[in-house]
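K.L.:
just need the structure, nothing else, for what follows:
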Amino acid sequence: MKERSVANKNLRPNTYIYASVLNACAFTFGTDETKSEALSIAIDTFKECQQRNDVVYGTFIKACNILMDTDDIRRIPMIETSFLQGRKRGEISDFVLLELFSSLSSRHYKELLGHDMDGLLSVQDVPRSWSRNVAKR
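P.N.:
Alright, predicted model coming up:
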């Protein structure tokens, strides 16, 4: 698509294409080498996607959670950084919060969200500015 979009701007990948690639990466199973390749693709795709939405942020967090070992020192910083970028851009949805909750320890989750509540939070539990740009579905 990227190569063909040089000649035809209508073929330029959009947010939905990027989210689909991230989702395919997140559900890649197999050898460590296969999962490592899928993680590399997910990271490159996330970096390339300039028009991110909550689905892109949540799916990237899911990919990091599934494809990275819990002891991988890059895992937590990558998840936190993507969440903080999404929060800054107002793209935090219940989907992002669910993937974050699934990916982090309770302590990390509470620290990152600045909340003392136990369990999964919803967008009603966090400042409105975090979700100000999430499209209503």
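
K.L.:
same for the helix or strand hosting Leu84, what does it pack against?
P.N.:
Secondary structure from DSSP states H and E places Leu84 in helix 75-88. Judged by 3 or more C-beta pairs under 8 Å, 6 or more residues apart in numbering; DSSP states H and E, helix 75-88 is in contact with helix 54-67, helix 94-103, helix 106-113. Glycine gets a C-beta too; all of them are placed from N, C-alpha and C.

K.L.:
what's the average pLDDT for that helix?
P.N.:
Helix 75-88 carries an average pLDDT of 97.

K.L.:
centre of the chain to that helix, how far?
P.N.:
The gap between where helix 75-88 is centred and where its chain is centred comes out at 8 Å by C-alpha atoms, centre = their mean, to the nearest Å.

K.L.:
from the helices and strands packed on helix 75-88, which stretch is densest packed?
P.N.:
The highest average neighbour count among the helices and strands packed on helix 75-88, using mean count of other C-beta atoms under 10 Å, belongs to helix 54-67 at a mean of 25.

K.L.:
which residues sit against the helix holding Leu84?
P.N.:
Contact with helix 75-88 is made by 43, 46, 52, 54, 57, 60-61, 64-65, 68-69, 92, 96, 100, 103-104, 108, 112, 130, as judged by C-beta atoms under 8 Å, 6 or more residues apart in numbering.
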